[in-house]
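Trainee: for reference, the sequence and a predicted model appear below.
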Number of protein chains: 2
Amino acid sequence: MNFNIEEAVAILSRTPQTLTSLLSGLPEGWLDCNEGEGTWSADEVVGHLIDGEQTNWIPRLTFLLEEGESKPFPVFDRFAHLSAERRTTEQKLEEFAELRTRSIERLRAIIETDDLLERTGTHPAFGTVKARELVSAWVVHDLTHIAQIVRTMAKRYKTDVGPWVQYLGILNR
Amino acid sequence: MNFNIEEAVAILSRTPQTLTSLLSGLPEGWLDCNEGEGTWSADEVVGHLIDGEQTNWIPRLTFLLEEGESKPFPVFDRFAHLSAERRTTEQKLEEFAELRTRSIERLRAIIETDDLLERTGTHPAFGTVKARELVSAWVVHDLTHIAQIVRTMAKRYKTDVGPWVQYLGILNR
């Protein structure tokens, strides 16, 4: 397929509302459960998505367009949210939605023409990457974390489902 | 944990709005892509969820409370939606939301007291099941299919993400 920035934005722009529909007002048992030691709750995943808006996606895209391949992207701390100050899930959902709206405005402003999507930069771990690969990864990163949240919540009922466990593959991942 | 019907309803009642937030108005490329031969697109998953409301969850729960273990549940056709008449994703999302609202009303009406959740019935494949296991399975079934939809959509960008594929585990499931 040919990468199309409006199709990417169609997903990026829906993620905050999807997470709010799924999580807003849920009992804490759903928001705070995780998959075991070292795994993240739904609440923590939203914190991680906030970090991504602040320090990963748009900052890296801007860096790529300004620096090209001359310098690698600054490293993104994937665990920063775990030491952030305590806010409610509700506050995090609102903050994520505001940040994402601004990120999309920035994305549209800096990708003025499609040829900019072919520009390259240097990822610290895997070398040369294109702007459109970064935007695609951003989209898939959203979808990955929605999947993580629903899988984490599903596992809370792993024993509750009784014999249905054998039909519900998500419980065994 | 102790199964709590209001916590189950908290998920069941959010699924239609979550799917609408994720899918409503998306370009068809996202709604119609699948994971390959014999797999379902997001649009087809919504059709399957409609079938579940009509012929699986509440009908089986009602059957369990009326018949106990004397007769197995009628078999649920998990592929019925593939032969259903063609409707738009938008229409399916609306239909699912209406059916789910009614299902939750029925659930609250028939589970008058918590002890009814301990009642048993016979599943055609795996024998004795409790009412609360059926309701739990319904919740996890929702979450499974949300995960399926986002995984299916993510895979559309499997090559687009370039080297990020190695960081995005969802693309390799």
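Mentor: Noted; the coordinates are in hand.
Trainee: leaving out the residues flanking it, which one is nearest to the spatially most central residue of chain A?
Mentor: With distances taken as CA atoms, centre = their mean, the residue of chain A nearest its centroid is residue A:142 (3.7 Å). Nearest non-adjacent residue to residue A:142, counting by CB to CB, 6 or more residues apart in numbering or on different chains: residue A:15, 4.5 Å away. For the C-beta atoms, the positions are set from N, CA and C on the backbone; glycine is no exception.
Trainee: burial of that neighbour, as a residue count?
Mentor: Here the count is done by other CB atoms under 10 Å in any protein chain shown, and residue A:15 has 23 residues near it.
Trainee: do I have it right that it meets residue A:144?
Mentor: No: look at residue A:15 against residue A:144 with CB atoms under 8 Å: they stay out of range, at 11.0 Å.
Trainee: and residue A:78, what pLDDT?
Mentor: Note for residue A:78: predicted pLDDT of 72.
Trainee: and what about it, helix, strand or coil?
Mentor: Secondary structure, DSSP: H, G, I helix; E, B strand; the rest coil: residue A:78 is coil.
Trainee: so who does the closest residue to residue A:172 other than its chain neighbours touch?
Mentor: Leaving aside its chain neighbours, residue A:172 sits nearest to residue A:165 (7.6 Å; criterion: CB to CB, 6+ apart). Taking CB atoms under 8 Å, 6 or more residues apart in numbering or on different chains as the criterion, residue A:165 is in contact with A:158, A:159, A:171, A:172.
Trainee: quick check: angle from the helix ranked longest in chain A to helix B:131-155?
Mentor: Counting by DSSP state H, the longest helix found in chain A is helix A:131-155. Counting by axes from the mean of the first three to the mean of the last three CA atoms, to 10 degrees, helix A:131-155 lies at 170 degrees to helix B:131-155.
Trainee: now the strands for chain A?
Mentor: A:120-123, A:127-130 (DSSP state E).
Trainee: point out the most buried one among the ones you listed.
Mentor: strand A:120-123 (a mean of 19; mean count of other CB atoms under 10 Å in any protein chain shown).
Trainee: list the contacts of it.
Mentor: Identification of contacts with strand A:120-123 by CB under 8 Å, 6+ apart yields A:60, A:63-65, A:67-73, A:128-131, A:134, B:163.
Trainee: centre of the chain versus that strand, how much separation?
Mentor: With CA atoms, centre = their mean, to the nearest Å as the basis, strand A:120-123 stands 20 Å off its chain's centre.
Trainee: ok so, going back, name all residues that make contact with the residue nearest to residue A:142.
Mentor: Residue A:15 neighbours (CB under 8 Å, 6+ apart): A:49, A:100, A:142, A:146.
Trainee: residue A:13 is in contact with the third one, correct?
Mentor: No: between residue A:142 and residue A:13 there is no contact, the gap being 10.2 Å when judged by CB under 8 Å.
Trainee: so where's chain A uncertain?
Mentor: Chain A contains residues with pLDDT under 70 at A:1, A:84-85.
Trainee: now do the helices in it.
Mentor: A:5-12, A:15-23, A:28-32, A:42-51, A:57-67, A:89-110, A:131-155.
Trainee: could you dump these to TSV with distance to residue A:83?
Mentor: Listed next are these as TSV, based on distance: least, CB to CB, whole Å:
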stretch	distance to residue A:83
helix A:5-12	26
helix A:15-23	22
helix A:28-32	17
helix A:42-51	10
helix A:57-67	19
helix A:89-110	15
helix A:131-155	19
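Trainee: and the ones you listed: which comes nearest residue B:31?
Mentor: helix A:5-12 (10.4 Å; CB to CB).
Trainee: any residues touching the closest one, and which ones?
Mentor: For helix A:5-12, contacts defined as CB under 8 Å, 6+ apart pick out A:100, A:103-104, A:107-108, A:111, A:114, A:117, A:132, A:135-136, A:138-139, A:142-143, B:25-27, B:29-30, B:153.
Trainee: buried ones in stretch A:61-71, by neighbour count?
Mentor: For stretch A:61-71, the neighbour count (16 or more other CB atoms under 10 Å in any protein chain shown) marks A:61, A:63, A:64 as buried.
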